[in-house]
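In: Kindly return the folded structure for what I paste below:
(one chain, ligands or ions: 2)
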Amino acid sequence: MTGLRAAVLGTGSWGTTFAAVLADAGCDVALWGRRDDVCHDITVEHRNEEYLPGIELPAGLRASTDAEEVLDAADLVVVAIPSQSARATLEPLADHVPAGAIAVSLMKGVELTSDRRMSQVVAEALGVAYDRVAVVSGPNLAREIAERQPTATVVAAVEEGTAQLVAGACATGYFRPYTNTDVVGVELCGAAKNVIALAVGIAQGRGLGYNTMATVITRGLVEITRLGLALGADAETFPGLAGMGDLMATCASPLSRNHTLGSHLGQGLTLEQAIAVTGGTAEGVKSSRSILELATSVGVEMPIAEAVVAVLHEGLPVDELAPRLLGRPHRAEGL
Ligand SMILES: NC(=O)C1=CN([C@@H]2O[C@H](COP(=O)(O)OP(=O)(O)OC[C@H]3O[C@@H](n4cnc5c(N)ncnc54)[C@H](OP(=O)(O)O)[C@@H]3O)[C@@H](O)[C@H]2O)C=CC1
Ligand SMILES: O=C(CO)COP(=O)(O)O
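Out: Residues are numbered from 1 along each chain as shown. Ligands and ions are numbered 1, 2, ... in the order given. The predicted model follows:
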């Protein structure tokens, strides 16, 4: 037993899965959700059939729509809801967060109205000091982890002790956390890889193959690195689990909502149709815009992200995406 009590806010696929990881690691875990049926399924049936069909959850997990009850005496407050809803959802809960609790963001987005990263939103909305906030990001497709397939992740916090505590709380025989103090880099990687996964999905939806995929992933990592370095991130983060690791998982797997949504666009669906068919939270749809705004604010070029925004939000036909990227002036490789 870790002896820690964790409150997980969000009963979707990643919140439920991470709650199971924490429980398997020996934490006492309660989830907060906004729907009675999902909470009942988790507490009584030890399942979340809507988000993780067929998965048996640890028997000790319990879920409730009563946030005050869930947050009572929590050492860790873990947030797993869509990024764009985070601030409005968390602010009313701030008074129930115990003093001294560590907040953990599992979210991979950037707030549209403010271009703030999720660790910043969580700290502000819950009133938690920034050195008590951690983020968890890596090649972590929820369904595979819910099946207890082995993977690793990065737990980042500006204070190494905070990262270590959270890493200790979620380490299991199938989930291996590495710590990092580069919160900016880890968080940007998690949000920006969704945009690259949309681009890869679009290409695959058009019937394009592995050369195209490898090109988009590799040049995608270059533009994420460029943005991160301009915002003060550490160069070592980008080839790591949160960077290249998550890009590979998300761009290659049909389990990724961003990848899937992109492939529906590539097959000719409108954005609205693709969102409806994909289901779940595809953060890159909205965060593509805020990431591009961040890039513009520091004078960084992100041609793939720009092209994705043009397709999703500005009416660029999917067939024009490749010619637009390949028609750019020739240059030397590298950053
Ligand atoms: N799924 C994955 O593999 C991974 C996801 N992530 C990240 O985790 C975050 C959460 O994603 P994920 O769990 O997959 O998403 P899901 O779509 O699976 O679940 C979303 C959850 O958030 C709740 N929710 C939706 N809108 C609101 C709102 N306005 N206010 C409060 N709660 C809301 C949903 O509740 P309801 O059921 O009532 O709609 C549901 O519990 C995202 O940032 C994602 O990028 C990170 C790593 C892996
Ligand atoms: O972040 C993820 C895997 O690491 C999940 O990706 P999607 O949000 O695209 O499903």
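In: How about the contacts made by Glu333?
Out: If a contact means CB atoms under 8 Å, 6 or more residues apart in numbering, then Glu333 has no contacts. (Each C-beta comes from the backbone N, C-alpha and C, glycine too.)
In: same check, this time on Cys27
Out: By CB under 8 Å, 6+ apart, Cys27 lies in contact with 1-2, 4-6, 76, 169.
In: ditto for Ala146
Out: 13, 16-17, 20, 52, 55.
In: try 7 Å
Out: 17, 20, 52, 55 (CB atoms under 7 Å, 6 or more residues apart in numbering).
In: State the pLDDT value of it.
Out: According to the prediction, Ala146 has pLDDT 98.
In: what about whatever residue of the stretch 101-250 of the chain ends up closest to ligand 2, neighbour count?
Out: Per CB to the nearest ligand atom, Asn140 is where the stretch 101-250 of the chain lies closest to ligand 2, at 4.2 Å. Asn140 is flanked by 26 other residues according to other CB atoms under 10 Å.
In: Is it located within a strand, as I assumed?
Out: No. Asn140 is assigned coil when assessed by DSSP: H, G, I helix; E, B strand; the rest coil, not a strand.
In: would you list every one of the helices in the stretch 1-150 of the chain?
Out: For the stretch 1-150 of the chain, the helices defined by DSSP state H, counting those that start in this stretch cover 13-24, 36-40, 67-71, 83-90, 118-126, 142-146.
In: Pick the most buried one from the ones you listed.
Out: Most buried of these, by mean neighbour count (mean count of other CB atoms under 10 Å): helix 13-24, with a mean of 25.
In: check whether that one contacts ligand 2.
Out: No. Figure legend: helix 13-24 not in contact with ligand 2 (CB under 6 Å from any ligand atom); closest approach 7.3 Å.
In: and that helix, how far out from the chain's middle?
Out: The chain centroid and the centroid of helix 13-24 are separated by 14 Å, computed with CA atoms, centre = their mean, to the nearest Å.
In: List the contacts of that helix.
Out: Outside helix 13-24, the residues that touch it by CB under 7 Å, 6+ apart are 6, 8, 29, 31, 42, 48, 51-52, 57-58, 60-61, 78, 80, 106, 142-143, 145-146, 169-170, 172, 175, 280.
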